[in-house]
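1. Pasting the sequence and the predicted coordinates here, then a few questions.
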Amino acid sequence: SSLDEYRYHESLVHIPFAALPMARRVLILGGGDGLAAREVLKYPELEQVTLVDLDPAMTEIFKTEDFLVQLNQGSLSHAKIKIVNQDAYKFIEQDENLYDIILVDLPDPSHTALAKLYSHEFYQLAKKRLSFKGLIVTQSTSPFFAREAFWSIYKTLQKAGFHVLPYQVDIPSFGNWGFQLASRYPLEIKRFRLNPSISMRFLNLQTLPSLFMFPEDLLVDLNTIQINSLIQPRLLTYYAKGWNGIR
């Protein structure tokens, strides 16, 4: 929804930049609408953004249709953007570059082809593509509607060797939504700083810490949650169970 997509994309992009303000190279997996890229390009120190989206029709329509170009502010035609139309798993498996921030802006893990992009094996590959202080953020479905799926993604990142900070935001058009911020080293939320020169409609420094707080109805017993892997894609079961309204 053009009404409130900024809440999602600001939360996806500016949280990792608050933790790593001097990021220079960014990889976006998914995000063919150019909306995450729009937010990333607000940082003048940025050197290059590589955007990997499977569907060339998606990136083309968001480069050419007037309303959509207006929405993403022409981000997909920017000189710093490199578009690669390829499967994200194959790309991360074959790529040899390092990135300061990897943004995983992919659809929910609703079937096997998508669930592999939330797997232990995928996160291990992504870790190899991070610079020493690099961060990865992944959208992680709704911790309200699909709690077990959300926390399975959290534990899967931990299993891949990351320190993980989960966070969540309310988006009017589709409800409560979750993200995971992962790094090789522990992060301190109190040290996060939003760049005051970057325009934002939703995030501010006063409310940022609250995104990392979870009320009781968004929590689970982590001892009961299993990780997601290629061999045992448990995330599919958690996701279906959550979105089918089974408690």
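-> That came through fine.
2. In a helix, residue 117, correct?
-> Yes. Note on residue 117: a helix contains this position according to DSSP: H, G, I helix; E, B strand; the rest coil.
3. What is the neighbour count of it?
-> By other CB atoms under 10 Å, 21 other residues sit near residue 117. In short, each C-beta sits where N, CA and C put it, glycine included.
4. Might one say that it is in contact with residue 29?
-> Yes. Residue 117 lies in contact with residue 29 (CB atoms under 8 Å); the separation is 7.4 Å.
5. where do the contact lists of the two overlap?
-> Taking CB atoms under 8 Å, 6 or more residues apart in numbering as the contact rule, the neighbours common to residue 117 and residue 29 are 88, 104, 106.
6. ok, now which ones touch the first one?
-> Residue 88 is in contact with 29, 30, 52, 54, 104, 106, 117, counting by CB under 8 Å, 6+ apart.
7. distance of the fifth one from residue 76?
-> I take that to be residue 104. 18 Å (CB to CB, to the nearest Å).
8. ok so, going back, nearest to residue 211, out of the contacts of residue 88: which one, please.
-> residue 104 (17.5 Å; CB to CB).
9. Need phi/psi at that closest one.
-> Main-chain dihedrals, residue 104, degrees, to the nearest 10: phi -100, psi 100.
10. burial count for it?
-> Counted by other CB under 10 Å, the residues lying close to residue 104 total 27.
11. Could you check the pLDDT of the residue lying closest to it once chain neighbours are set aside?
-> Counting by CB to CB, 6 or more residues apart in numbering, residue 104 lies nearest to residue 138, which is 3.7 Å off, once chain neighbours are set aside. pLDDT, residue 138: 98.
12. Residue 138 bridge partners, please.
-> residue 104, residue 180 (DSSP bridges).
13. Next, find the distance separating it from residue 223.
-> Counting by CB to CB, the separation of residue 138 from residue 223 is 23 Å.
14. between the two, which one's more packed in?
-> The residue with more neighbours, out of residue 138 and residue 223, is residue 138; 28 against 5, by other CB under 10 Å.
15. pretty sure that one contacts residue 154?
-> No. Counting by CB under 8 Å, residue 138 stays clear of residue 154, with 9.9 Å between them.
16. which neighbours do the two share?
-> With contacts defined as CB under 8 Å, 6+ apart, the residues shared by residue 138 and residue 154 are residue 180.
17. show me what contacts the residue nearest the centre of the chain?
-> Nearest to the geometric centre of the chain sits residue 138, at 2.8 Å (CA atoms, centre = their mean). Residues in contact with residue 138, defined by CB under 8 Å, 6+ apart, are 104, 106, 118, 153, 157, 179, 180, 182.
18. And residue 183, by the same measure?
-> Going by CB under 8 Å, 6+ apart, residue 183 touches 19, 133, 134, 135, 136, 162, 163.
19. Could you dump the shared contacts of residue 117 and residue 29 into JSON lines with pLDDT added?
-> Output for these, formatted as JSON lines (pLDDT from 0 to 100):
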{"residue": "88", "pLDDT": "97"}
{"residue": "104", "pLDDT": "98"}
{"residue": "106", "pLDDT": "97"}
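20. Out of these, which is nearest to residue 196?
-> Among these, residue 104 lies closest to residue 196 (CB to CB), at 27.1 Å.
21. so what's the residue nearest to residue 8 when sequence neighbours are not counted scoring on pLDDT?
-> Using CB to CB, 6+ apart and skipping the chain neighbours, the partner closest in space to residue 8 is residue 171 (5.5 Å). On pLDDT, residue 171 comes in at 96.
22. Let me see the contact set for residue 171.
-> Counting by CB under 8 Å, 6+ apart, residue 171 has contacts 4, 7, 8, 177.
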